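**Q** how does the following fold in three dimensions:
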Amino acid sequence: MGLKENLNHISRRDLFRVAGRYGMSSTLLAAGGFGGAMSLANLASAAESTYDKRYAKPAKHTLKFGASGFNAQNLLIERAGALEFARDLESRTDGEIRIEFIGNNQICGQTSCVEKTQQGIVDIYAASTQNSAGGAPYLNVLDYAYMFPGRASQYHFLYSPESQRILREPLEKRHGLKFLFSHCELRGIQLGLGWQDKPTVTKLEQLFGTKNRVTGTQLGRIAMQALNLNPVPVAWEETLDGLKQGLNGAETLASAVAYANMAPVVSQSVDLKFFCGTEHTSMSASVFDGLEGYLQDAVMESSYWAQTHVQAANEAALVKTVGHSDPQMPGTIFAENNVRNAFLADDQIKMAEEMCSPEFQPQLWEQWRERLNGWAGGIDTYQEIYDSGRQVPADMKPENVEPRRWWKS
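**A** Predicted coordinates for the structure are as follows:
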């Protein structure tokens, strides 16, 4: 049985039948614990057991978690940690905090979850920082081009006390959001079917002049314009149609192509690594502040646990589930959909860096850099994150980064 069939073994109708009895959150939390095929009977049994545990006593706080387009199935592809966090927090607090998990774009989508959290419609959300940057512009601070040389440096920064000072505190102060944890990848250009019969991209110049979808990030557009990649703002939910209707490609990350069922319309995944792809989970700061101290501690510990889980699980999923490796593993989503990986040589990545990064093209970034520095209290946001990310070797395996509780110096 292929991976896709494994994940789709339970029909939506069956899922809703079980959810009708035990609630959608209990059903999704139960389903998220399965690593492969599951039968309807297995799911119902797990949902019942999950429900019984969750409702063993009344909750002190019920928190709504708007998880954009995520669900128990696609969170096994892009390991963003949302369900693991919810499950661990409920268990850690013995049910005093109960999470109402609402995914599948039912309460909010990639660009709207951040605003609905700020408005108090949801308490916690999961979406990419790039798509959330429209509603919380300080999140652009992660999107300077080539600030991170690899995924290890991204994880290192998120675990470091520097992330409190440079990322988390300004975000909370300016936008009322508590950044909890994130998955880490670097973005590339995912080319549509028009590139199926063309040779695998090996040179940066082969991409010049192409028209590509861009997320909500303002800084990502600066990099794309400098690289002659003609950014076209397209909502995440409309990207699939955009690739079918004339876009050459889309700026996004490999696991997003896989989880969002875009692999059938993508022919080459060009690993440009030019800025962050960070599918993060944040919480309303006022909701967090309203929790008792010991429950606040539990939220932080569950965030730390989810961060360590994501670090290991997404690295494994990129190779074993998505197919983002060379050679590619058979049975992966990319292999089954004939998506070729285009891993560019170091000289091509260096060329891209020299064309668009703040280190080599500071004038392109001046306006946003000044704005972000002001919001952060006058520090040089780019330079400080750049330096933090280089405290680990550029070729370090991401799974080898030492986890730290970032809020403890």
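
**Q** for the rest of this, base every contact and every neighbour count on C-alpha atoms.
**A** Will do.

**Q** show the end-to-end separation of stretch 344-363, please.
**A** 26 Å (Cα to Cα, to the nearest Å).

**Q** from the chain's centroid, how far away is it?
**A** 24 Å (Cα atoms, centre = their mean, to the nearest Å).

**Q** just the buried residues of that stretch, please?
**A** Buried residues in stretch 344-363, counted by 16 or more other Cα atoms under 10 Å: 344, 348-349, 352-359.

**Q** what segments of this protein are strands?
**A** Ranges of strands in the chain, per DSSP state E, are 61-66, 97-102, 124-128, 177-182, 185-186, 188-192, 212-214, 231-233, 249-252, 266-270, 276-277, 279-284, 340-342.

**Q** one step back: now render the buried residues of stretch 344-363 as CSV, adding distance to residue 147 and pLDDT.
**A** What follows is those, written out as CSV (distance: Cα to Cα, whole Å; pLDDT from 0 to 100):
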residue, distance to residue 147, pLDDT
344, 18, 98
348, 16, 98
349, 13, 98
352, 12, 98
353, 9, 98
354, 12, 98
355, 14, 98
356, 11, 98
357, 8, 98
358, 8, 98
359, 9, 98
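
**Q** closest to residue 244 out of the residues you listed?
**A** residue 344 (25.2 Å; Cα to Cα).

**Q** residues touching the closest one, list them.
**A** 201-203, 270-272 (Cα atoms under 8 Å, 6 or more residues apart in numbering).

**Q** domain assignment for this structure?
**A** Residue ranges for the domains of the chain, per automatic domain parsing: 1-56, 59-409.

**Q** just say which of those domains is most tucked in.
**A** domain 59-409 (a mean of 20; mean count of other Cα atoms under 10 Å).

**Q** ok so, going back, in JSON lines: the strands of the chain, plus mean pLDDT and distance to residue 382.
**A** As requested, the strands of the chain are exported to JSON lines (pLDDT from 0 to 100; distance: least, Cα to Cα, whole Å):
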{"stretch": "strand 61-66", "mean pLDDT": "98", "distance to residue 382": "30"}
{"stretch": "strand 97-102", "mean pLDDT": "96", "distance to residue 382": "35"}
{"stretch": "strand 124-128", "mean pLDDT": "98", "distance to residue 382": "20"}
{"stretch": "strand 177-182", "mean pLDDT": "98", "distance to residue 382": "19"}
{"stretch": "strand 185-186", "mean pLDDT": "98", "distance to residue 382": "17"}
{"stretch": "strand 188-192", "mean pLDDT": "97", "distance to residue 382": "20"}
{"stretch": "strand 212-214", "mean pLDDT": "93", "distance to residue 382": "21"}
{"stretch": "strand 231-233", "mean pLDDT": "92", "distance to residue 382": "22"}
{"stretch": "strand 249-252", "mean pLDDT": "95", "distance to residue 382": "21"}
{"stretch": "strand 266-270", "mean pLDDT": "97", "distance to residue 382": "25"}
{"stretch": "strand 276-277", "mean pLDDT": "98", "distance to residue 382": "13"}
{"stretch": "strand 279-284", "mean pLDDT": "98", "distance to residue 382": "20"}
{"stretch": "strand 340-342", "mean pLDDT": "98", "distance to residue 382": "28"}
